[in-house]
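[1] I need the structure of the sequence given here:
(one chain, ligands or ions: 2)
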Amino acid sequence: MKVAVIDNDKILVKKVEDINFGGKKGAIVKVLGCGLCGSDIVKFREKISPDGTVLGHEIVAQIIEINSETAFKKGDKIVTSHHIPCGECIFCKSGNVSMCRHFKKTNIVPGGFSEFVYLSEEHLTHVARLLPENLDEIEGSFYEPLGCCVRAVHRADLSKNSNVLVVGLGSIGILMSQALKAHGMNVIGCDLIDERVEILKSFCIDSINSSDLEDTKKYIFNKTENNGVDAVFMTSGSDRAIDFALKMVRNGGKILVFASTPKNFGYANNEIYYRELTVLGSYSPAPLDLAESLELLKTGQVKVKNLSTVYDFDKINTAFDDTISNKILKAYIKIA
Ligand SMILES: [Zn+2]
Ligand SMILES: [Zn+2]
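    Ligands and ions are numbered 1, 2, ... in the order given. This next block holds a predicted model:
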């Protein structure tokens, strides 16, 4: 079978031996396609994952062999995520499922950018779901990334009609904005790229170009009785955006951190103290967040049509390049 691996500073498609059950229960699935996640880009660019790694986890797939008794059968088209919480450790019990050791250890094998993948029985039981009939495979590939956003919305624990600013309107910012809107928030999105600002407007969500700090502040304070927003969702991986968030959030407000930044700058201690701010992180989704994600997609409360640019498997390296250079919003690698 063909897989795409990290090979120094590029992604290389090569042939390897077919995947098998390895004596375990689960399913072998044919990957129809796989979304390219921002975390894949970070793992590749920052050289976090070694050469030979098969990245990708936002898969839509078809079951071609199954040896475990679950709700699924051969031929089913499914979506799945890659990690599964144990449900019993201190992290799971306190709601931080993505910190669970079992969660971090579990994965799809060898990775999503592969013609075939082995899914464990645990995947089938806890995180895999049938692709709803009204969603095409590309729309289905947003199951996991939208699940991440749903989790962030839950973590922020805001009351309805809160004023929320989403910083960064890449695909995640656009998903986040829609998930927040579906939860009854008043959302404003911002980005430095006009095209992205317009995309969010096309979803009937307020958004502005934030290149000019003073103009942006005026706009936001005008809309929030001169207070600033109740919460800022940071989907932008830029260090500069940290200071920006501190300027836009109201006293007593929340900043939800949802992206790594290259220089790892911190939020100013004294601002957090004097202004009673809450800065919190949100990482990867729990099974319940994923269930809600699929519901939002299925019911059209979050729309993802036309967000992705489709690449053939052999062109996956171009997909990485185009994502890194911000040429596209989101890549979907068509594999079958
Ligand atoms: Zn992802
Ligand atoms: Zn656990």
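[2] which residues touch Ile19?
    Met1, Ile28, Val109, Pro110, Ser114, Phe116, Val117, Tyr118 (CB atoms under 8 Å, 6 or more residues apart in numbering). C-beta coordinates here come from the backbone N, C-alpha and C atoms, glycine included.
[3] Close to ligand 1 as well: tell me which of the residues you listed qualify.
    By CB under 5 Å from the ion, no member of the contacts of Ile19 lies near ligand 1.
[4] JSON lines for those residues, including distance to ligand 2?
    Formatted as JSON lines, the contacts of Ile19 follow (distance: CB to the ion, whole Å):
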{"residue": "Met1", "distance to ligand 2": "32"}
{"residue": "Ile28", "distance to ligand 2": "27"}
{"residue": "Val109", "distance to ligand 2": "20"}
{"residue": "Pro110", "distance to ligand 2": "24"}
{"residue": "Ser114", "distance to ligand 2": "27"}
{"residue": "Phe116", "distance to ligand 2": "29"}
{"residue": "Val117", "distance to ligand 2": "23"}
{"residue": "Tyr118", "distance to ligand 2": "22"}
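[5] secondary structure class for Arg196?
    Using DSSP: H, G, I helix; E, B strand; the rest coil, the structure places Arg196 in helix.
[6] Run the chain-centre distance for stretch 295-309.
    Taking the mean of its C-alpha atoms, stretch 295-309 sits 13 Å from the chain's own mean (CA atoms, centre = their mean, to the nearest Å).
[7] Compute the first-to-last residue distance for that stretch.
    Length of stretch 295-309, first residue to last, CA to CA, to the nearest Å: 23 Å.
[8] Enumerate the positions of it that are buried.
    If you call a residue buried by 16 or more other CB atoms under 10 Å, then stretch 295-309 has these buried ones: Leu296, Leu297, Lys298, Val302, Lys303, Val304, Leu307, Ser308, Thr309.
[9] Show me the residues you listed that map onto helices.
    For those, the ones inside helices are Leu296, Leu297, Lys298, with DSSP state H as the criterion.
[10] Now the first one: closest residue in space that isn't a chain neighbour?
    Counting by CB to CB, 6 or more residues apart in numbering, Val302 is the residue found nearest to Leu296 once chain neighbours are left out, at 4.3 Å.
[11] these two touch, right, the one you found and Met176?
    No. Contact criterion CB atoms under 8 Å: Val302 and Met176 do not qualify, at 9.7 Å.
[12] hmm, back to that, and the residue nearest to Leu296, how close does it get to His183?
    Using CB to CB, to the nearest Å, Val302 is found at 11 Å from His183.
[13] now do Leu135
    According to CB to CB, Leu135 stands 21 Å off from His183.
[14] Ok, Ile333 next?
    Distance of Ile333 to His183, computed by CB to CB: 30 Å.
[15] For the two, indicate the residue with more neighbours.
    More neighbours surround Ile333 than the other of Ile333 and His183, with 27 against 19 (other CB atoms under 10 Å).
[16] and that one, what is it in contact with?
    Neighbour list for Ile333: 4, 33-36, 56, 113, 310-313, 316, 319 [criterion: CB under 8 Å, 6+ apart].
[17] Give me the phi and psi angles of it.
    For Ile333, the backbone dihedrals (degrees, to the nearest 10) come out as phi -90, psi 120.
[18] Could you check the pLDDT of the closest residue to ligand 2 within the chain?
    In the chain, the residue found nearest to ligand 2 is Cys100; the distance is 3.0 Å by CB to the ion. pLDDT, Cys100: 97.
[19] That one touches Lys93, doesn't it?
    No. Contact criterion CB under 8 Å: Cys100 and Lys93 do not qualify, at 9.6 Å.
[20] The two: which has the busier surroundings?
    A direct count of neighbours by other CB under 10 Å for Cys100 and Lys93 places Cys100 higher, at 23 against 12.
[21] Quick check: that one vs ligand 1, distance?
    Noted for Cys100: a distance of 17 Å to ligand 1, by CB to the ion, to the nearest Å.
[22] Then Ile316?
    On the measure of CB to the ion, Ile316 and ligand 1 end up 16 Å apart.
[23] and what of Val60?
    Going from Val60 to ligand 1 by CB to the ion gives 13 Å.
[24] list the helices and strands the helix or strand that residue falls within packs on?
    Here Val60 is covered by strand 58-66, with elements defined by DSSP states H and E. Packing contacts for strand 58-66, counted by 3 or more CB pairs under 8 Å, 6 or more residues apart in numbering; DSSP states H and E, involve strand 26-35, strand 77-79, strand 116-120, helix 137-140, helix 143-156.
[25] Adding distance to Ile193, mean neighbour count and mean pLDDT, write these out as TSV.
    Rendered in TSV, the data for the helices and strands packed on strand 58-66 read as follows (distance: least, CB to CB, whole Å; neighbours: other CB atoms under 10 Å; pLDDT from 0 to 100):
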stretch	distance to Ile193	mean neighbour count	mean pLDDT
strand 26-35	20	24	98
strand 77-79	29	23	98
strand 116-120	34	23	98
helix 137-140	22	22	98
helix 143-156	19	25	98
